[in-house]
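In: structure of the sequence below:
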Amino acid sequence: MTIPVRMLASFDEAGSQWLTEAGVYTFNIGASSRDIRQKVTAKVGRYTEKTTNALAPKAKLNLLKQN
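Out: Below is the predicted model of the structure:
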């Protein structure tokens, strides 16, 4: 199975880009979240894909922050 690194990206509002942080990712494979049959790790390099600000909000957003 091949998973493109872009599929691991989340959107970074500050940089207006798709971003995958570098690191070791663990993929759990199973019939359900309670029935994991195999774990696979993969070392992933940093990935970015710039986008445009075409849909940038006109007003400042109050984003939720994780503690």
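
In: residues in contact with the spatially most central residue of the chain?
Out: Centroid check for the chain by C-alpha atoms, centre = their mean gives residue 9 as the closest residue, at 2.9 Å. Residue 9 is in contact with 18-20, 47, 49, counting by C-beta atoms under 8 Å, 6 or more residues apart in numbering. Just so you know, the C-beta spots here come from the backbone N, C-alpha and C atoms, and that holds for glycine as well.

In: if we go to 10 Å?
Out: Shown here is residue 9, whose contacts under the criterion C-beta atoms under 10 Å, 6 or more residues apart in numbering are 17-21, 47-49.

In: residue 39 versus that one, what's the distance?
Out: For residue 9, the distance to residue 39 (C-beta to C-beta, to the nearest Å) stands at 22 Å.

In: that older thread, roughly how far does the residue nearest to the centre of the chain sit from residue 19?
Out: Counting by C-beta to C-beta, the gap from residue 9 to residue 19 is 6 Å.

In: can you check residue 47 too?
Out: For residue 47, the distance to residue 19 - C-beta to C-beta - is 7 Å.

In: thinking again about what came up before, which neighbours do residue 9 and residue 19 have in common?
Out: Joint contacts of residue 9 and residue 19 (C-beta under 10 Å, 6+ apart) are 47-49.

In: now do stretch 1-9: distance to the chain's middle.
Out: 9 Å (C-alpha atoms, centre = their mean, to the nearest Å).

In: pLDDT averaged over that stretch - what is it?
Out: Throughout stretch 1-9, pLDDT has a mean value of 92.

In: first-to-last residue distance for it?
Out: 18 Å (C-alpha to C-alpha, to the nearest Å).

In: what residues of that stretch count as buried?
Out: Within stretch 1-9, the residues that qualify as buried are 8-9, counting by 16 or more other C-beta atoms under 10 Å.

In: now, the shared contacts of residue 9 and residue 19 that are in strands?
Out: Using DSSP state E, the subset of the shared contacts of residue 9 and residue 19 located in strands is 47-49.
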